[in-house]
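J.: No letters, just coordinates:
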């Protein structure tokens, strides 16, 4: 719905998050089901200012009921993350890499185990508050990430072509 907000421009970030909140309100009032999911990606929760954090908390709390998901990451130490972002508990699905301590694992997952993970993508995934399971979190290389972002920015045709109209092949840039 929006252009990427520059994380260094707090006003741009707040505007983007406010726009998402307006979209949640629109979906709530319309009562429309079946709309495409909207995903808000926050690269580093610790970079958000207090006002943006409040808006992100509101999105995390009410968004999933209306097809709006908050995908957030952080490299902050767990104690600082919990102090900075008290709404972490509202994020039901979590992918956790190795933690420094058992206490950090319990704080992020609700149980120990992440402190025993290996490096290099070894992770625990907790889906919607369920018991975490072991997996691998692969890192996407910069060139593949740029291609993925480009593909995400393209849109499918709004209406299927008629029987006599040729269908253009998707661009393979």
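T.: That came through, no problem. A quick note: this is a predicted structure, and the numbers were derived from the prediction, not measured. Residues are numbered from 1 along each chain as shown.
J.: Under a three-state scheme, what state does the residue nearest to the spatial centre of the chain occupy?
T.: Centroid-nearest residue in the chain: residue 71, 1.0 Å away (criterion: CA atoms, centre = their mean). Secondary structure assignment for residue 71 (DSSP: H, G, I helix; E, B strand; the rest coil): strand.
J.: Now do the contacts for it.
T.: Residue 71 makes contact with 39-42, according to CB atoms under 8 Å, 6 or more residues apart in numbering. Placement of C-beta: from N, CA and C, glycine included.
J.: can you tell me which of those are in strands?
T.: Those of those mapping onto strands are 39-42, per DSSP state E.
J.: export the residues you listed to JSON lines and tack on pLDDT, neighbour count and distance to residue 75?
T.: Formatted as JSON lines, the ones in strands among the contacts of residue 71 follow (pLDDT from 0 to 100; neighbours: other CB atoms under 10 Å; distance: CB to CB, whole Å):
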{"residue": "39", "pLDDT": "91", "neighbour count": "13", "distance to residue 75": "20"}
{"residue": "40", "pLDDT": "92", "neighbour count": "23", "distance to residue 75": "19"}
{"residue": "41", "pLDDT": "91", "neighbour count": "11", "distance to residue 75": "15"}
{"residue": "42", "pLDDT": "92", "neighbour count": "23", "distance to residue 75": "12"}
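J.: Among the residues you listed, which one lies nearest to residue 137?
T.: Each of these was checked against residue 137 using CB to CB; the closest is residue 41, at 15.5 Å.
J.: Name the nearest residue to the closest one, sequence neighbours excluded.
T.: Leaving out its chain neighbours, the residue that sits closest to residue 41 by CB to CB, 6 or more residues apart in numbering is residue 71, at 4.9 Å.
J.: swap in residue 66?
T.: Nearest non-adjacent residue to residue 66, counting by CB to CB, 6+ apart: residue 27, 4.1 Å away.
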